[in-house]
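Engineer: here is the input, now give the coordinates:
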Amino acid sequence: MRWIILFILALLPPSTPATIAAQSSAGNSAQAGGVQAEGAHFRVIRSVSGSKGSQEGGRYVVEDPRSVFYVPGDRQVIVYFEWEGPVGTHHMEGLWKNPEGKVVTYSDFQYDVRQKRFGAYWVLALAETAQAGTWSLEARVDGEASGTQTFQIFAGARPADAVPARQMLKPGELYNLALRSNVMIEKYDSRGERLGRSSGFLLNPGWIVTAFEAIDGASRLRITFSDGRSFETDQMIAYNRRQDWAVLRPDAEKLPGALDRAQPDSWNVGDSASFLEAAPAGNHVIANTSIDGKSDFPYAGSRVNLATAPTEGAIGAALLDDYGDVIGIVGGSLTPGENALNQLALNTSATRGGSLILMRDAMATPISLVTPPIASTLPISLQSMADRGEFLPRVIASRNVGYGQLARAVQSKDGLEWPVEGGNEFSRKTPKMIVYVLWDAKDKCKGILTMRIFDLDNHQLNRTDAGKPLKLNLHQGQKYVTTWDINVSSLPPGTYRVDVWLDDAPAWRSFFRISD
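Structural biologist: Coordinates of the predicted model:
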């Protein structure tokens, strides 16, 4: 029996020509190499087998993932691995084992890994005399066993009733699918000022799905389909603030395209995924990522952890698997309103306050959490959502705020008090947390200041002297410090919001966490 083992060439980044190295082993022809993969010591991310594969933009795709093969119908078996590990030159080995567990051939090569995430694939050419049974490929990196992929070989024709392998879509096909179903969501306040722009998508049987963050604080929404049509609405048909999703009814009969849900158990950690990202020029690009974990949070539900964090414009977009089905909704905020706060602060002096916590998390809300609304569902107005406290009031009185921070103490310097040991993480054993705001009057500033603490459901918690009102009366150019002491031992562990209001509008805001 003659086996030809192909241990595929090193595929460098797309701009670099591929190089081929030939080796010989026991009379067999062999080639060796790997493919750079995107993205984080040798930890197997995933392995997959199939009979067809191709390189797409520096990424190798097995087009018909399966673990059963038939000879003579199938001519080859491809096995692909992805790992996380250190960059540098690594010794890669592949050992094909027959059903008796014996190594029938061995191939090794040196691979210059340029990213923490990398991959390699092997191709086994099947002869008609292939031994039936369970085979495996054992991969090793620098002498360490780094994963085994098993597959079965049967002699004879493929059964007529065999379930056909699903065809994985190429990046270009995923891009077109995501683009057709994508909608742009612009939110406006009661004065017609645009608050932000995010994404959404059409989901069968014909709903617009997005992240709650995309509609948070809006009085009106403008929805634009991929074909250019648009409509405005001030109503929702379903939402969950904590889980970070919202559903709208499209105002159109013929929709450009709609996506299907992925089955809840159809994806795993290590799988590749993609979403439509908004480029600075206003166009869209496909962002390739991977599922790095699954998490469950009290009161917020489960989340899909991603290798790539989205930009503001991609919040609400569909997270797709390799078949074009929806895994989740890009966003997955755990602190309702926090990401919106970060965006709002870009246009206010609050950015100098330094108390806007957390970089945007790379997460998505699983689509399985979204409750499908029925056709007779009555709409919910954005105004009624605001009246119930579902939205955060905007930070609109920040003009005269020079700096703000949460701290454990303050000290005097240059005639002013300044925060010491600042941060947003506090223990219940901490003696106190200080809310510090430095006012820098751009013009005459007069009013009543109040400090207010809220839980994540917008319920105000402090009704004691800790939030006692203070009078503010400043002339242009005058600086003034206000502080409030908070006894954090009285707060259960969790995440909270603190606002400083000037009269009837928020002037400064931050979030903080309390632990035991």
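Engineer: switch to C-alpha atoms for all contacts and neighbour counts from now on
Structural biologist: Noted.
Engineer: which residues does the closest residue in space to D322 that isn't next to it in sequence contact?
Structural biologist: Excluding its sequence neighbours, the residue lying closest to D322 (CA to CA, 6 or more residues apart in numbering) is M168, at 5.4 Å. Contact analysis of M168 by CA atoms under 8 Å, 6 or more residues apart in numbering lists 62-64, 322-323.
Engineer: dump those residues into JSON lines; add neighbour count as well.
Structural biologist: Formatted as JSON lines, the contacts of M168 follow (neighbours: other CA atoms under 10 Å):
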{"residue": "V62", "neighbour count": "22"}
{"residue": "E63", "neighbour count": "20"}
{"residue": "D64", "neighbour count": "19"}
{"residue": "D322", "neighbour count": "21"}
{"residue": "Y323", "neighbour count": "16"}
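Engineer: identify the bridge partners of K471.
Structural biologist: Taking DSSP bridges as the rule, K471 bridges to I448.
Engineer: quick one on the thing from earlier: against Y323, how distant is the residue nearest to D322?
Structural biologist: 5 Å (CA to CA, to the nearest Å).
Engineer: and this structure, what are its domain boundaries?
Structural biologist: By the assignment in automatic domain parsing, the chain contains the domains 4-164, 169-392, 401-515.
Engineer: highest mean neighbour count out of the ones you listed?
Structural biologist: domain 169-392 (a mean of 19; mean count of other CA atoms under 10 Å).
Engineer: about what we covered before: can you list which of the contacts of M168 are found in strands?
Structural biologist: Within the contacts of M168, residues falling in strands by DSSP state E are V62.
Engineer: with respect to K116, which of the contacts of M168 is nearest?
Structural biologist: Among the contacts of M168, V62 lies closest to K116 (CA to CA), at 21.1 Å.
Engineer: once you drop chain neighbours, what's closest to S47?
Structural biologist: Nearest non-adjacent residue to S47 (CA to CA, 6+ apart): F81, at 4.4 Å.
Engineer: meant to ask about R408, not that
Structural biologist: M433 (5.1 Å).
Engineer: what sits against the one you found?
Structural biologist: M433 neighbours (CA under 8 Å, 6+ apart): 406-409, 426, 485-488.
Engineer: could you do L259 as well?
Structural biologist: 177, 181, 201-204, 324-326.
Engineer: A309 versus the closest residue to D296 other than its chain neighbours, what's the distance?
Structural biologist: Nearest residue to D296, sequence neighbours excluded (CA to CA, 6+ apart): S302, at 4.1 Å. Distance, S302 to A309, using CA to CA: 17 Å.
Engineer: got it, and K432?
Structural biologist: 34 Å.
Engineer: pretty sure P493 sits against D516.
Structural biologist: Yes: between P493 and D516 there is a contact under CA atoms under 8 Å: 6.2 Å.
Engineer: common neighbours of the two, please.
Structural biologist: R428.
Engineer: returning to that earlier point: contacting residues for the residue nearest to D296?
Structural biologist: 294-296, 365-366.
Engineer: quick check: end-to-end length of stretch 217-232?
Structural biologist: Stretch 217-232: ends 16 Å apart by CA to CA.
Engineer: contacts for that stretch?
Structural biologist: Against stretch 217-232 from outside (CA under 8 Å, 6+ apart): 179-190, 195, 215, 233-234, 251, 256, 382-383, 386, 391-394.
Engineer: filter those down to the ones in helices?
Structural biologist: 179-181, 215, 382-383, 386 (DSSP state H).
Engineer: coming back round to it: could you export the contacts of S302 as TSV, including distance to E421 and secondary structure?
Structural biologist: Below are the contacts of S302 laid out as TSV (distance: CA to CA, whole Å; DSSP: H, G, I helix; E, B strand; the rest coil):
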residue	distance to E421	secondary structure
K294	33	strand
S295	31	strand
D296	31	strand
T365	34	strand
P366	37	strand
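Engineer: hey, what's R197 bridged with?
Structural biologist: R197 has the following beta-bridge partners by DSSP bridges: E186.
Engineer: pretty sure it contacts V183?
Structural biologist: No: shown here, R197 and V183 do not form a contact pair, counting by CA under 8 Å, at 10.6 Å.
Engineer: which SS class is the residue nearest to S47?
Structural biologist: strand (DSSP: H, G, I helix; E, B strand; the rest coil).
Engineer: OK, contacts around it?
Structural biologist: So F81 contacts 44-48, 119-121, 147 (CA under 8 Å, 6+ apart).
Engineer: where does the stretch 151-300 of the chain have low pLDDT?
Structural biologist: Within the stretch 151-300 of the chain, the stretches with pLDDT under 70 are 279-282.
Engineer: quick check: phi and psi at E253.
Structural biologist: When read as degrees, to the nearest 10, the backbone of E253 gives phi -90, psi -50.
Engineer: swap in V488?
Structural biologist: phi -70, psi -20.
Engineer: what do you get for R166?
Structural biologist: phi -70, psi 140.
Engineer: how about it: what's its closest non-neighbour residue?
Structural biologist: D64 (6.2 Å).
Engineer: also P256?
Structural biologist: R180 (5.7 Å).
Engineer: any idea how far P205 is from the one you found?
Structural biologist: Separation of R180 from P205 (CA to CA) stands at 15 Å.
Engineer: same check on K468?
Structural biologist: Relative to P205, and taking CA to CA, K468 is found at 52 Å.
Engineer: same question for R241.
Structural biologist: 23 Å.
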